[in-house]
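Asks: 3D model of this:
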Amino acid sequence: MITSSLAERLRKTQHVVVFTGAGASAESGIPTFRDALTGLWERFDPAQLATPEAFRADPSLCWGWYEWRRNRVIQAQPNGAHRAIAELSKHVPKLTVITQNVDDLHERAGSQDVIHLHGSLHSPRCIDCGLAFTLPLTSDVLPEDGRRIEPPRCCVCNGYVRPGVVWFGEMLPEDAWSVGLAAAEGCDVFLSIGTSGFVYPAAELPLRALGHGATVVHINPVRFDISSQEHFLQGPASVMMQSLLREAFG
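Replies: This is a model prediction of the structure:
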């Protein structure tokens, strides 16, 4: 339930941080690691494809998996939550968007300077020398059951081009993490949307915001335990964010 006190807090805020996880993009039809897979992919645990070792062992399998995911993202559209977050920037003095998602739906909805803690499907780089590689903004229509795809080669060292996401066992991008941490510690309202707060170190951000006196609000369809100092809005991200904006700003 969106209380009048919560709406009033949002109206008076000077700096809002919006922190999003997979639940913010799920309504756009983007599959998560937890979704059931078919065809080629059903024989693999996606987490086992998300390591540097897996890529080096079978580059075409991993690149095919990530191109399948990128293809789904390209076909998807921003949902009501993405649009409401972008709209929020028109009502508050400062808005910082931090996401764990590797899609570009925040940007396509109109959000600016989004901080990507886990990288992006659209920013691949050479696995050997780290040189950035530009992918086309469109993708081939891939079969739903998936296929292997040979990765591109780096034009400098001829190494394989790898997906630009943070894999298991890798550190978060230092710049993104430091900027995100500073924003969490400097905001007065922190909206955590579509994330259950189990994946560290990203899950530390709402705790840092709370520790520095911010009003922390969790938005998720499934309720989970929070402290008595935090707020919980249970429901789809699009519904709850649009309701919150209507209540706060009319």
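Asks: where does this structure dip in pLDDT?
Replies: Within the chain, the stretches with pLDDT under 70 are 1, 32-41, 138-143.
Asks: grab the most central residue of this protein for me.
Replies: Nearest to the mean C-alpha position of the chain, counting by Cα atoms, centre = their mean, stands Asn101 at 1.7 Å.
Asks: tell me how many other residues surround Ala7.
Replies: Neighbour count for Ala7, taken as other Cβ atoms under 10 Å: 18. Bear in mind the C-beta positions are built from the backbone N, C-alpha and C, glycine included.
Asks: contact partners for it?
Replies: Contacts here follow Cβ atoms under 8 Å, 6 or more residues apart in numbering; on that basis Ala7 touches 244, 247-248.
Asks: so who does Ser204 touch?
Replies: Careful, residue 204 is Glu; it's not Ser. So Glu204 contacts Leu181 (Cβ under 8 Å, 6+ apart).
Asks: where does it fall, phi/psi-wise?
Replies: Dihedral pair for Glu204: phi -70, psi -20, per degrees, to the nearest 10.
Asks: circling back to that earlier point, residues contacting the residue nearest to the centre of the chain?
Replies: Asn101 is in contact with 20-22, 24-25, 116, 118, counting by Cβ under 8 Å, 6+ apart.
Asks: how about 6 Å then?
Replies: The neighbours of Asn101, taking Cβ atoms under 6 Å, 6 or more residues apart in numbering as the test, are Ser25.
Asks: from Asp145, how far out is it?
Replies: 24 Å (Cβ to Cβ, to the nearest Å).
Asks: same thing with Ser5?
Replies: When distance is defined by Cβ to Cβ, Ser5 is 51 Å away from Asp145.
Asks: go on, Lys90?
Replies: Lys90 is 43 Å from Asp145, by Cβ to Cβ.
Asks: that concludes my questions; thank you for your assistance.
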